[in-house]
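**Q** Here is a sequence with its predicted model. Questions after.
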Amino acid sequence: MNIHGITPEMVAEAPRWKEVLPHIVDFVGADTLVAHNAAFDTGVIRYACAADDIQWPAFDFLCTLVAARKALALPSYRLPYVAASLGFSLENHHDAHADAEAVVKIVNQLAQRENATDVQDLAQKIGVRLGTMSLGKYSGSVAQSSSSRGFTPVSVNANADSDG
């Protein structure tokens with residue numbers, strides 16, 4: 001409630017997850033889902049399915065948090081910082097619509113930078129594996145290698161105070 005402002009009263013009459021999920025699956029079709037910190041979002045989907053005793057849907061997904069960590073050198077990879085680093089501001093952070101629009105802009109900006117033709121191509125070019133979930137199996141969207149792509153090496157200052 002503190003983060004999103006959604007109260008129990010606002011969802012008291014909402015349909016159950018098992019009633020909503022088929023509409024989401026139909027809407028997504030064969031598209032790849034994209035989310036910032038996709039591990040959280042896919043965890044919510046899996047938990048909601050378990051709570052309603054239904055099978056997980058089959059989705060491929062890309063995590064823009066993982067993608068940003070591979071493609072950008074930033075002090076923070078929180079959604080507003082990633083957005084700002086790519087030239088736009090995220091107003092109303094944690095509003096579902098505003099966050100979704102920011103994720104779309106992030107993917108578009110990264111795809112332009114990499115000359116990627118789609119989400120799968122972007123993932124491959126920056127060294128990120130798409131995540132997948134299906135029939136009780138889950139594999140997260142993760143970095144494929146430990147390369148330091150996008151990062152500037154830091155030189156050690158020999159005169160720095162080693163005690164902090």
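**A** Looks like it arrived, so ask away.

**Q** What's the mean pLDDT across stretch 92-111?
**A** Averaging pLDDT along stretch 92-111 gives 93.

**Q** Repeat that for stretch 30-38.
**A** 96.

**Q** contacts for that stretch?
**A** Here stretch 30-38 makes contact (C-beta atoms under 8 Å, 6 or more residues apart in numbering) with 41-42, 59-66, 79, 82, 99, 102-104, 106-107, 119-120, 130-131, 140-141. Every C-beta, even on glycine, is put in place using the N, C-alpha and C of the backbone.

**Q** need the helices for this protein, in chain order.
**A** 8-11, 17-28, 38-51, 64-71, 79-85, 96-114, 119-126 (DSSP state H).

**Q** Which stretch among these is buried most, on average?
**A** helix 64-71 (a mean of 24; mean count of other C-beta atoms under 10 Å).

**Q** sorry, back to before: now for the helices of the chain, which one comes closest to Leu135?
**A** helix 38-51 (10.9 Å; C-beta to C-beta).

**Q** And the residue nearest the centre of the chain?
**A** His36 (2.3 Å; C-alpha atoms, centre = their mean).

**Q** Let me know the distance separating that one from Glu19.
**A** 27 Å (C-beta to C-beta, to the nearest Å).

**Q** ok, now Leu90?
**A** Per C-beta to C-beta, Leu90 is found 31 Å from Glu19.

**Q** between the helices of the chain, which one is nearest to Gly136?
**A** Closest among the helices of the chain, once you apply C-beta to C-beta, is helix 38-51, at 9.1 Å.

**Q** Please state the offset of that closest one from the chain centre?
**A** Mean-position distance between helix 38-51 and its chain equals 13 Å (C-alpha atoms, centre = their mean, to the nearest Å).

**Q** can you give me the angle that helix makes with helix 96-114?
**A** When axes from the mean of the first three to the mean of the last three C-alpha atoms, to 10 degrees is applied, the directions of helix 38-51 and helix 96-114 differ by 130 degrees.
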